[in-house]
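**Q** 3D, please:
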Amino acid sequence: KNLAVVKLRVVFGPALDAVIGISVIVTLLAGGRMVLDGQVSIGQFVAFNSYIDMLVWPMIAAGDCINTFSQAAAAWGRIRTIFEEKPDIVDMVPPENVIENDGTAGSNTDNLAEGIYDKIQIHGDIQLSHLSFTYPDGTKPVLSDVSIHVKQGEMLGILGRTGSGKSSLADLLLRVYDCENGMILLDGRPITDYPLAVLHRDISYVPQENFLFSDTLEENIAFGLEDRIADNPAILDAVKQAAKDACIHDNIMGFPDEYKTMVGERGVTLSGGQKQRVSIAGVLAMHPKCIVLDEPTAMLDPSGRKEVIRAARALNDVENVTVILITHYMEEVIHADQVVVMDEGRVVMKGTPREVFSCVDELKALRLDVPQVTLLSYELKKAGLPLPDGILTTEELKEELLKVRYPAAIRDSADITGSKENGN
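**A** Model prediction:
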């Protein structure tokens, strides 16, 4: 439709100019003849031409006004539709009824004062109980009978092929969609009991496709904070620390304007990996109680992936943040407290990383990229070497091979080390 309007304008503009020019020529020829024949005076002829010139522009402006009004009316109709749209996801329970920090119901009138959301805290204990979900416009369930319990401060790794339901699970944790009440519990309460403002404050999300605003790097990282850097310069220190944790600080310092660098709309001036790490830095600056990382390292090189996973582990270990890591890189979940493998919307495998990685045949059947060290240890064990199940790292495999090759030396070394530790 817009293309048709442009084509019409291209034709209409020159045509209007041509009509005006032709009318002037006709007026001069006909009027000049009438003056020569004595039918009109020269003054009348000049006055007639002046009146014509005075009428041309108002008529053109009137047509433009009518056209502009029609476009504005159509645009306002679309804008009004957006303004009048009612959200499908709303607060189900008044904030004053949500459990407070001390575990008592907030039913007194003091909770109705400004700042009530500050009294509602999320700790990060997440429990999925027989969760099933079908998209509103879908007919086939994308999640079926999913049961997972992540304790506060734990790291959960979720593995699975594309289309296995991993991102749908993240959407439900963020209440992008709602499931049946009671299927998702947050700190022992249905997730729908919590106000959306509290969920957005205490649960942060790093998606596969990040978005940056046409602003400076420091403002993009500080976007989720309540205060702006211009109002509170101390925030810049938190921004820089978050950038260091996300392994983007050195890159930023290499730019001519450092943290004042403009990134352009959607971060067009940054590489894919840089955009991803800036987004992660923005999440880390908020210090949430729970972080959902949906393929956060998909656009990073191997060294960048290690740095980002190290930052996530630091949050998990030091700040006791619950971390849910969705990835298809199995080596990224070796330090998780528990690992879940999903296929076609179901949990097909669950346990510690060592327990899951020991099921090599099942993982290969699911077409997951099993780490090379795990495959190698698996093949060596099949060949008859007495190796334990689920070897996770190269260092662990090396140590186990040394035990097999030099069992006496390893035992003597352990005895000597133990004697030194005991002070003998």
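**Q** tell me which stretches of the stretch 201-350 of the chain form helices.
**A** If you assign secondary structure with DSSP state H, counting those that start in this stretch, the helices in the stretch 201-350 of the chain sit at 217-221, 235-245, 249-253, 272-285, 302-318.
**Q** what's the least confident stretch among the ones you listed?
**A** Least confidently modelled of the helices of the stretch 201-350 of the chain is helix 302-318, at a mean of 72 by mean pLDDT.
**Q** to S23, which of the helices of the stretch 201-350 of the chain lies closest?
**A** helix 217-221 (56.9 Å; C-beta to C-beta). From N, CA and C alone the C-beta is placed, and that goes for glycine too.
**Q** what residues does the closest one touch?
**A** The list of residues contacting helix 217-221 from outside it, by C-beta atoms under 8 Å, 6 or more residues apart in numbering, reads 212-213, 228-229, 236, 239, 242-243, 252, 255, 258-261, 263, 267, 278, 281-282, 285.
**Q** mind listing the strands for the stretch 1-150 of the chain?
**A** For the stretch 1-150 of the chain, strands defined by DSSP state E, counting those that start in this stretch occupy the ranges 126-133, 143-150.
**Q** now tabulate these in CSV and tack on mean pLDDT.
**A** Formatted as CSV, these follow (pLDDT from 0 to 100):
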stretch, mean pLDDT
strand 126-133, 88
strand 143-150, 88
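**Q** nearest to V46, of those strands?
**A** Smallest distance to V46 across the strands of the stretch 1-150 of the chain (C-beta to C-beta): 80.8 Å, for strand 126-133.
**Q** follow-up on the earlier one: any quick ChimeraX command for the buried ones out of the contacts of helix 217-221?
**A** This is the ChimeraX syntax for the buried subset of the contacts of helix 217-221, where burial follows 16 or more other C-beta atoms under 10 Å:
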select :212,229,239,242,243,252,255,259,261,263,267,278,281,282,285
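**Q** which residues sit in contact with the residue lying closest to T269 once chain neighbours are set aside?
**A** Using C-beta to C-beta, 6 or more residues apart in numbering and skipping the chain neighbours, the partner closest in space to T269 is V263 (5.3 Å). Contacts were defined as C-beta under 8 Å, 6+ apart; by that measure V263 touches L212, F213, S214, D215, T216, L217, N220, T269, L270, K275, V278.
**Q** pLDDT score assigned to the first one?
**A** Pointing back at L212 there. At L212, the pLDDT value in this model is 82.
**Q** my read: it touches K275, true?
**A** Yes - with the criterion set as C-beta atoms under 8 Å, L212 and K275 qualify as a contacting pair; they are 6.0 Å apart.
**Q** what's the closest of the helices of the stretch 201-350 of the chain to Q71?
**A** Comparing those against Q71 with C-beta to C-beta, the closest turns out to be helix 217-221 (34.0 Å).
**Q** please compute how far stretch 372-385 lies from its chain's middle.
**A** 38 Å (C-alpha atoms, centre = their mean, to the nearest Å).
**Q** list the buried ones in it?
**A** Burial within stretch 372-385, assessed by neighbour count using 16+ other C-beta under 10 Å, is assigned to V373, T374, S377, Y378, L380, K381.
**Q** helix or strand right after the strand or helix carrying the last one?
**A** Right, the one you point to is K381. When secondary structure is defined by DSSP states H and E, K381 falls within helix 372-382. Moving toward the C-terminus from helix 372-382, the first helix or strand encountered (DSSP H and E) is helix 394-405.
**Q** show me what that following helix is packed up against.
**A** helix 372-382, helix 407-421 (3 or more C-beta pairs under 8 Å, 6 or more residues apart in numbering; DSSP states H and E).
**Q** and the ones you listed, which one's lowest on average pLDDT?
**A** Ranked by mean pLDDT, the helices and strands packed on helix 394-405 bottom out at helix 407-421, which scores a mean of 47.
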